[in-house]
Structure formats: structure tokens, C-alpha cells
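Asker: Based on what follows, work out the 3D shape:
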Amino acid sequence: MRAVAQRVKESRVEVKNRVVGRIGPGLLILLGVGRDDTLKDCEYLAGKIAHLRIFSDEKGFMNLSLLDTGGAALVVSQFTLWGDCRKGRRPSFVKAAPPEPARKLYEHFVELLKRKGLTVATGMFQEMMDIHLINDGPVTLMLDSHKTF
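Answerer: As a prediction, the model looks like this:
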């Protein structure tokens, strides 16, 4: 499972010109589910992201997590995180999970964040979405449950 986590001042997602998810300060999480991902990948990544110390404390150091700050998460499915661009000019998505298994793991990831007490908004799975954000920092991190980067 792969994620791009962006620290934001605010973010929203629109589908067909209608806002379907919105948060204030927190994290925009683009989440890609791989073909070999399991519930354990969800648990690892949800825990890692919720506890990642990337928010500034009173001294300006990155010492606070999303849980510490009471920030929210906007989780958007993003299968293109599994795009392999090493060969040719068209990305290959053979390592991305098929839609139904990916949906189940995406929904489980969202539920895990909610169980941690976080406010969570989402995009719409398998829809074309417009994502708006005000990046804070900017702070943008890539995470992978298989620790390939």
C-alpha cells in the first residue's frame, strides 16, 4: 500500500462540481492499493500516518502527530501511485489492485483512522475527482507499507 501524505491548511475534493469531502488543518492522503496488499498493510500505514510527527510544536519543530494536533484526514483513492514508468512512455498499472479488493482495503484504511479518533473525510472511489488544497509548508511525504522507499 502506498500513500502520499500532504500537510494541508485545508483541502476538499469535488466530484462533478459537488464537494464530497472537506477538511481544515490536517493531512490530504492519496492512497494507492497494490495487488499484494492485505489488512496488515492497512494497519501498518494507518498507524504510521496517524502517529507521524510532521506538525510543528510551539518551538517550530516537527514533533506533533495528526493525533496530537486534532487535525483531520482527507483520504482519496489514487491507484496511479502504482504506475510503473520505468519502461516505455505509458505507465503500467499491473501492480495496482483490481477495483473491488482495492475498495475494501481503502475503506478499511479509512475505518482504522476513524477508530483512532481522527476526523476523516473521503473522496469517491473510482470517480474522477478535483482535489483542492492549500499545502502547509509544503510538507509532502511518500510512504509504502512494503518499505520500498
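
Asker: Leu105 and Leu39 touch, don't they?
Answerer: Yes. Shown here, Leu105 and Leu39 form a contact pair, counting by CB atoms under 8 Å, at 7.3 Å. The way it works is simple: take the backbone N, C-alpha and C, and place the C-beta from them, glycine included.

Asker: quick one: which of these two has more around it?
Answerer: Shown here are Leu105 and Leu39; by other CB atoms under 10 Å, Leu105 has more neighbours (22 against 12).

Asker: Now the more buried one. Nearest residue, chain neighbours left out?
Answerer: Val33 (4.8 Å; CB to CB, 6 or more residues apart in numbering).

Asker: So that neighbour is in contact with Val110, correct?
Answerer: No. At 11.9 Å, Val33 does not count as touching Val110 under the criterion of CB under 8 Å.

Asker: So those two - more neighbours on which side?
Answerer: More crowded of Val33 and Val110, by other CB under 10 Å: Val33, with 28 against 21.

Asker: measure that one to Pro25 for me?
Answerer: 26 Å (CB to CB, to the nearest Å).
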